[in-house]
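In: sequence unavailable; structure follows:
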């Protein structure tokens, strides 16, 4: 797999692994992201400020007073030449989701009709999908999560909504997402989680991270309301949602 380097001004460059979105390419992105992180911790890459993973590339930002692209690129090349692991240890996250309330799943019937499924079959396919967080973007905490069951592939809505409620679970193309805030949006709403994807009260405000494996757990409205109260009060034990 070829690698291309692109300048991003005088404080960053991008390491590009391909021109398509795929698990293999994103896996290499996340592996290099981890390898550079380990090298920084070992003091091997002085001047590196941070790395920012995308679906198919990694941006490396640096302090131009401490280093340069001419110095860093060969070092990054060497990390790649050592071999990037096919699988990087990531978190496994399970999100509760309520699909049953029409207020939460306003597009579920339309998705069922357009995919030739029943409502229950749509829900089952979403629950069975092998999701992975590829990248965060658009707004703080919004994760682009690939791996949607192929039978649910649909383009974005022809008429985007002006207001999508916070924590709505939606699908479009081969992805799902969870809206971290009330905002405009053009994806199909099929459920809602009681969790907040962004909460400034937490030590780490953004809950999901690139590389996370993600699955959904179906809950009823009563459970949703109970968990929503815990989230609002700040008493939810978030650690129970995550495993290694």
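Out: That came through fine. Just so it is clear, the model here is predicted, and its values are computed rather than measured.
In: outline the domain layout of this structure.
Out: According to automatic domain parsing, the chain comprises the domains 4-82, 92-243.
In: could those domains go into CSV alongside mean pLDDT and mean neighbour count?
Out: Quick note: C-beta positions are derived from backbone N, CA and C, even for glycine. Shown next, in CSV, are the domains of the chain (pLDDT from 0 to 100; neighbours: other CB atoms under 10 Å):
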stretch, mean pLDDT, mean neighbour count
domain 4-82, 93, 16
domain 92-243, 96, 17
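In: what's in contact with the top helix by length along the chain?
Out: If you go by DSSP state H, the chain has its longest helix at helix 23-41. Outside of helix 23-41, the residues within contact range by CB atoms under 8 Å, 6 or more residues apart in numbering are 1, 15, 17-18, 45, 48, 51, 53-58, 60, 75-76, 79-80, 82, 84-88, 90, 132, 134, 146, 210-211.
In: narrow those to those in strands?
Out: If you go by DSSP state E, the contacts of helix 23-41 have 15, 48, 51, 53, 57-58, 60, 132, 134, 146 in strands.
In: so which of the residues you listed is the closest to residue 113?
Out: Nearest to residue 113, judged by CB to CB, of those is residue 146 at 24.3 Å.
In: now the closest one: how far from residue 210?
Out: 11 Å (CB to CB, to the nearest Å).
In: got any residues that touch both of those two?
Out: Residues touching both residue 146 and residue 210 by CB under 8 Å, 6+ apart: residue 134.
In: residues contacting residue 45?
Out: 36, 39, 72, 75.
In: ends of stretch 5-22, what's the gap?
Out: 19 Å (CA to CA, to the nearest Å).
In: what does that stretch contact?
Out: Stretch 5-22 has contacts (CB under 8 Å, 6+ apart) with 1-4, 25, 28-29, 32, 49, 55-64, 69, 72-73, 76, 80, 134, 146.
In: repeat that with 7 Å
Out: The contact list for stretch 5-22 (CB atoms under 7 Å, 6 or more residues apart in numbering) reads 1, 3-4, 25, 28-29, 32, 55-62, 64, 69, 73, 76, 146.
In: quick one: secondary structure of residue 73?
Out: What DSSP: H, G, I helix; E, B strand; the rest coil gives for residue 73 is helix.
In: quickly note the distance from it to residue 231.
Out: Relative to residue 231, residue 73 is positioned 44 Å away (CB to CB).
In: also residue 58?
Out: The gap separating residue 58 from residue 231 is 33 Å, by CB to CB.
In: of the contacts of residue 45, closest to residue 125?
Out: Comparing these against residue 125 with CB to CB picks out residue 36 as the nearest, at 36.6 Å.
In: follow-up on the earlier one: what angle do the longest helix of the chain and strand 48-53 make?
Out: If you take axes from the mean of the first three to the mean of the last three CA atoms, to 10 degrees, helix 23-41 sits at 170 degrees to strand 48-53.
In: columns distance to residue 104 on top of the contacts of residue 45, output as CSV?
Out: Below are the contacts of residue 45 laid out as CSV (distance: CB to CB, whole Å):
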residue, distance to residue 104
36, 40
39, 44
72, 47
75, 49
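In: farthest pair in those?
Out: 39 and 72 (10.6 Å).
In: which residues touch the residue nearest to residue 130 when sequence neighbours are not counted?
Out: Of all residues beyond its chain neighbours, the one nearest residue 130 is residue 147 (4.8 Å), with distances taken as CB to CB, 6 or more residues apart in numbering. By CB under 7 Å, 6+ apart, the residues touching residue 147 are 129-132.
In: and for residue 2?
Out: By CB under 7 Å, 6+ apart, no residues touch residue 2.
In: okay, it: pLDDT?
Out: Residue 2 carries a pLDDT score of 80 in this model.
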